[in-house]
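S.K.: Quick one, what's the 3D model for this:
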Amino acid sequence: MQVHKSVALILQILIIIVISAVVLGAGWMLLNLDIDTSEAEQKAQLSRLQASAQLYHSRLQYFEGVCSDIGVPSNWRCNSNTTAYAIEFDLGMGRFYCLDSGGFLGETRVSKGVSVACRNY
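M.R.: I've put the predicted structure just below:
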């Protein structure tokens, strides 16, 4: 069976169109992924705050006032006294990310409340 040149040309053009559509569709999907990086940015900011709080303590020998002096965001919970501090933010769905002067830095299932220590559970 012999295929006419015009039929072969039409099939080649259709194959090129289908392949182009698949490549463009995949590219469009990859470029429009809605990736939420805010949680990672908040965790990185918490690590920076930890370093700032340690510097604050080494300079003044106490933690009182550290929350206002190191730039803790207003929507985060921060408490301090002369011997300790704790900072946390809400991750949602009953999870919190917390940092305290005792060295804890991580995710918890219970808010620290007004305490100066994270609740590690």
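
S.K.: what about the top helix by length along the chain, distance to the chain center?
M.R.: Within the chain, and with DSSP state H defining each element, the longest helix by residue count is helix 5-31. On the basis of C-alpha atoms, centre = their mean, to the nearest Å, helix 5-31 is displaced by 38 Å from the centre of the chain it belongs to.

S.K.: Give the buried residues for it.
M.R.: By neighbour count, with 16 or more other C-beta atoms under 10 Å as the criterion, helix 5-31 contains no buried position. Just so you know, the C-beta spots here come from the backbone N, C-alpha and C atoms, and that holds for glycine as well.

S.K.: Average pLDDT for it, rounded please.
M.R.: Model confidence over helix 5-31, given as mean pLDDT, is 84.

S.K.: swap in stretch 63-73?
M.R.: 93.

S.K.: Might you report the residue contacts of Arg77?
M.R.: Residues near Arg77 by C-beta atoms under 8 Å, 6 or more residues apart in numbering: Ile87, Glu88, Phe89, Ser111, Lys112.

S.K.: Contacts only, for Phe63.
M.R.: Neighbouring residues of Phe63 by C-beta under 8 Å, 6+ apart: Ala53, Tyr56, His57, Ser80, Asn81, Thr82, Thr83, Ala84, Tyr85, Ser101, Val116.

S.K.: hmm, back to that, buried members of the contacts of Arg77 into ChimeraX, please.
M.R.: Buried subset of those, written as a ChimeraX selection, criterion 16+ other C-beta under 10 Å:
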select :87,88,89,111,112
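
S.K.: coming back round to it: who are the packing partners of whichever helix or strand comes after the longest helix of the chain?
M.R.: Later in the chain than helix 5-31, the nearest helix or strand by DSSP states H and E is helix 38-60. Packing partners of helix 38-60 (3 or more C-beta pairs under 8 Å, 6 or more residues apart in numbering; DSSP states H and E): helix 66-69, strand 85-92, strand 95-100, strand 105-108.

S.K.: Which residues does helix 38-60 contact?
M.R.: Under the contact criterion C-beta under 8 Å, 6+ apart, helix 38-60 has outside partners 63, 66, 69-73, 85, 87, 89, 91, 97, 99, 101, 105.

S.K.: Right, I'll leave it there.
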